[in-house]
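Visitor: What would the 3D arrangement of this be:
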Amino acid sequence: MAFRTLDDLGDITGKRVLVREDLNVPMDGAKVTDDTRLRAAMPTVLELADKGAIVLVLAHFGRPKVPAPEFSLAQITQPFAAVLGREVRYIDWEGDEAAVATLQPGDIAVLENTRFFGGEEKNDPATIDRFAKLGDIYVNDAFSAAHRAHASTEGLAHKLPAYAGRSMEAELKALEKALGAPEHPVAAVVGGAKVSSKLDVLTHLVTKVDHLIIGGGMANTFLAARGVDVGKSLCEHDLKDTALSILEAADRADCTVHLPYDVVVAKEFKANPPTRTVNVHDVAADEMILDVGPAAVEALGDALKTCKTLVWNGPLGAFELTPFDAATVALAKTAAALTQDGSLTSVAGGGDTVAALNHAGVADNFTFVSTAGGAFLEWMEGKELPGVKALQV
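Guide: Residues are numbered from 1 along each chain as shown. A predicted model of the protein is given here:
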């Protein structure tokens, strides 16, 4: 996958660079509760500013039907400035050209929410032109929005010289290592509540990986498809045939599918209820499977030790409730240790996954952890991401 990066830029002193970032951060009143995305924007924004560019940050915030103060990026400007350690201007769309004209080389400004234009999400040519006239160069640094063909994520790349920012570059290089051209054997961990939400992921992965580890509620659907009585467990019984077809496809592709053979069960879905660890064939009618058992986790760890590459999306159990975080934490620590030993390239992504790895205290020990949700999933499905395709040369 070939694309231009900031290394391909010449002298940009005084050039106006439109940088698409993801500033869609969670807030509690005026306080940003998680600044991960603001910190991810730092390398690109600071590098451009330090090279003398006039940095104009484009981003969306929320899903506004009409422009409204609660969706304004004005409220993000000061938190972003605090993260950058630099002054950041806020520029409304009214009078934006005049305001941009006052900026000097090295200045940084955040433009108002791109979704205040109805044409943003429609990739409308007039909206693309509206954005493009403010800049000389376009940099896309928002992988998390790359699955959307919007004016600021895809359209601008065809209007101005287009480059990948540092965060986007890191994402694309990591994803290429994980599934594009990985070193085999490759393992994938796919967890989550429902098979239906990750059907395309599972169908695609069985043709790409050597080991597919299925956890979370979706594992119950596969167990049921194989004739296991899963009691009161979350299970999509209507997708048994689909699960069987995925297992058959895996057999044809010589992909080993790992399902739990011992599980942790409880009668109530809450933290710290009475539990049992049982063989999957011994789940009682009034019990639900809430985590993978320790014997299965040890076997999964042994499988990872034979692999060179790992891609991970979704927890193995109901990790937000103790003690059903045990399997996810244990396998994550094994993957992290193998990564630190240099024997495994580990790439993880998705909101629940990031939370689980942070909970396990190992997020920093993976090769790469993507904060992208929908974009990461679509990439795992083998889909072409419009925002990425537009950057390719």
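Visitor: Tell me how many other residues crowd Arg4.
Guide: The number of residues packed near Arg4 is 16, by other Cβ atoms under 10 Å. The C-beta positions use only the backbone N, C-alpha and C, and glycine is treated the same way.
Visitor: same check, this time on the one 3 residues further on
Guide: Residue crowding around Asp7 was assessed by other Cβ under 10 Å; the count is 9.
Visitor: Quick check: the gap between it and Ser197.
Guide: 38 Å (Cβ to Cβ, to the nearest Å).
Visitor: Same question for Arg37.
Guide: 23 Å.
Visitor: swap in Thr345?
Guide: Using Cβ to Cβ, one gets 26 Å for the distance from Thr345 to Ser197.
Visitor: So the two - more neighbours on which side?
Guide: Higher neighbour count among Thr345 and Ser197: Thr345, with 21 against 14, using other Cβ under 10 Å.
Visitor: List the contacts of the more buried one.
Guide: Lys177, Ala178, Pro182, Glu183, Lys308, Thr309, Leu310, Thr339, Thr367 (Cβ atoms under 8 Å, 6 or more residues apart in numbering).
Visitor: do Tyr90 as well
Guide: By Cβ under 8 Å, 6+ apart, the residues touching Tyr90 are Leu73, Ala74, Thr77, Ala109, Val110, Glu112.
Visitor: just how off-centre is the helix or strand hosting Met218 within its chain?
Guide: Met218 belongs to helix 216-225 when elements are defined using DSSP states H and E. When distances are taken as Cα atoms, centre = their mean, to the nearest Å, helix 216-225 is centred 24 Å away from the chain's centroid.
Visitor: Could you tell me the angle between the next helix or strand after it and helix 216-225?
Guide: Later in the chain than helix 216-225, the nearest helix or strand by DSSP H and E is helix 240-252. Per axes from the mean of the first three to the mean of the last three Cα atoms, to 10 degrees, the angle that helix 240-252 makes with helix 216-225 is 90 degrees.
Visitor: Return the set of buried residues in helix 240-252.
Guide: Buried residues in helix 240-252, defined by neighbour count with 16 or more other Cβ atoms under 10 Å: Lys240, Thr242, Ala243, Ile246, Leu247, Ala249, Ala250.
Visitor: which strands and helices sit next to it?
Guide: Judged by 3 or more Cβ pairs under 8 Å, 6 or more residues apart in numbering; DSSP states H and E, helix 240-252 is in contact with helix 199-205, helix 216-225, strand 256-258.
Visitor: Quick one, which of the contacts of Tyr90 are buried?
Guide: Using 16+ other Cβ under 10 Å, the buried ones in those are Leu73, Thr77, Ala109, Val110, Glu112.
Visitor: so of the residues you listed, which ones are in strands?
Guide: Among those, DSSP state E puts Ala109, Val110 in strands.
Visitor: quick one: Leu316 from Gly192, how far?
Guide: Distance of Leu316 to Gly192, computed by Cβ to Cβ: 10 Å.
Visitor: Setting the sequence-adjacent residues aside, check what's closest to Val280.
Guide: Val228 (5.2 Å; Cβ to Cβ, 6 or more residues apart in numbering).
Visitor: OK, contacts around that neighbour?
Guide: Val228 makes contact with Val280, His281, Val283, according to Cβ under 8 Å, 6+ apart.
Visitor: repeat for Glu97
Guide: For Glu97, the residues meeting the contact criterion (Cβ under 8 Å, 6+ apart) are Lys133, Leu134.
Visitor: Then Gly118?
Guide: Asp124, Thr127.
Visitor: for this protein, what are the low-confidence residue spans?
Guide: Within the chain, no stretch falls below the threshold (pLDDT under 70).
Visitor: ok, which stretches of it are helices?
Guide: 36-50, 74-84, 96-101, 125-132, 166-175, 199-205, 216-225, 240-252, 294-304, 326-341, 351-360, 374-380, 386-389 (DSSP state H).
Visitor: Out of the ones you listed, which one sits most buried?
Guide: The highest average neighbour count among the helices of the chain, using mean count of other Cβ atoms under 10 Å, belongs to helix 216-225 at a mean of 25.
Visitor: just to revisit the earlier point, determine the angle, from 0 to 180 degrees, between the helix holding Met218 and helix 294-304.
Guide: Computed with the same axes, to 10 degrees, the direction of helix 216-225 lies at 100 degrees from that of helix 294-304.
Visitor: what angle separates helix 216-225 from helix 326-341?
Guide: Angle of helix 216-225 versus helix 326-341, following the same axes, to 10 degrees, is 110 degrees.
Visitor: Leaving out sequence neighbours, find the closest residue to Ala318.
Guide: Phe324 (4.2 Å).
Visitor: ok, how many other residues are close to the one you found?
Guide: 24.
Visitor: Against Leu56, how distant is it?
Guide: Following Cβ to Cβ, the distance that separates Phe324 from Leu56 is 46 Å.
Visitor: do the same with Glu47
Guide: 15 Å.
Visitor: Likewise for Leu179?
Guide: As judged by Cβ to Cβ, Leu179 and Leu56 stand 33 Å apart.
Visitor: In terms of neighbours, single out the busier of those two.
Guide: Neighbour count, other Cβ under 10 Å: between Leu179 and Leu56, Leu56 has more, with 24 against 20.
Visitor: Gly301 contacts Ala332, doesn't it?
Guide: No: Gly301 is beyond contact range of Ala332, at 10.3 Å (criterion: Cβ atoms under 8 Å).
Visitor: Check the contact lists of those two and give me the overlap.
Guide: Contact with both Gly301 and Ala332 is made by no residue, according to Cβ under 8 Å, 6+ apart.
Visitor: what sits opposite the closest residue to Ala74 other than its chain neighbours in the beta ladder?
Guide: The shortest distance from Ala74 to any non-neighbouring residue, by Cβ to Cβ, 6+ apart, is to Tyr90 (4.9 Å). Tyr90 forms beta bridges with Val110, as assigned by DSSP bridges.
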